[in-house]
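Enquirer: here is a sequence with its predicted model. Questions after.
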Amino acid sequence: MGLLAEVAGPLGDFASNASLPVLVMTSVASFLAIAVVLNVLQQLLLKKPNEPPVVFHWFPIIGSTITYGMDPYKFFFANKAKVRKIHSC
């Protein structure tokens with residue numbers, strides 16, 4: 001049996017036996033997990049040397065808004081130090 005058949009069997013059983021709210025919450029959680037993984041991989045693997053550096057963040061769209069909002073000066077100075085460290089190597 002292939003990988004798809006191994007996954008599709010239990011997934012089909014879960015989908016047929018679970019209630020609608022459980023299916024919706026599982027779908028939302030899966031979507032968020034996949035979005036975070038793809039966002040992190042994109043930041044780590046697909047760096048563009050001709051563009052300015054991007055501040056690492058876990059969640060797409062939200063980015064570093066929360067850490068910036070808590071203490072903007074600390075955020076700016078910490079990331080400025082990281083950029084200097086990267087460009088001085």
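Expert: Ah, there it is.
Enquirer: so which strand or helix has the most centrally placed residue in the chain?
Expert: Geometric centre of the chain, nearest residue: Val36, 1.7 Å, by C-alpha atoms, centre = their mean. For Val36, the host element (DSSP states H and E) is helix 20-45.
Enquirer: what does the following helix or strand past that helix contact?
Expert: The first helix or strand that comes after helix 20-45 along the chain, using DSSP H and E, is helix 65-70. Helix 65-70 is contacted by residues Phe75 when judged by C-beta atoms under 8 Å, 6 or more residues apart in numbering. Glycine gets a C-beta too; all of them are placed from N, C-alpha and C.
Enquirer: buried ones in helix 65-70?
Expert: Buried residues in helix 65-70, counted by 16 or more other C-beta atoms under 10 Å: none are found.
Enquirer: cool, and stretch 72-86?
Expert: Neighbour-count burial for stretch 72-86 flags Asn79 (criterion: 16+ other C-beta under 10 Å).
Enquirer: from Leu11, how far off is Ala18?
Expert: Using C-beta to C-beta, to the nearest Å, Ala18 is found at 11 Å from Leu11.
Enquirer: can you list the weak-confidence ranges in the protein?
Expert: 1, 86-89 (pLDDT under 70).
Enquirer: domain parsing for the chain?
Expert: 1-46, 49-89 (automatic domain parsing).
Enquirer: next one: the longest one to chain centre, how far?
Expert: Using C-alpha atoms, centre = their mean, to the nearest Å, the mean C-alpha position of domain 1-46 is found 14 Å from that of the whole chain.
Enquirer: re earlier: the residue nearest to the centre of the chain and Val28, how far apart?
Expert: Counting by C-beta to C-beta, the gap from Val36 to Val28 is 13 Å.
Enquirer: cool, and Gly9?
Expert: Using C-beta to C-beta, Gly9 is found at 23 Å from Val28.
Enquirer: repeat that for Leu11.
Expert: Distance, Leu11 to Val28, using C-beta to C-beta: 16 Å.
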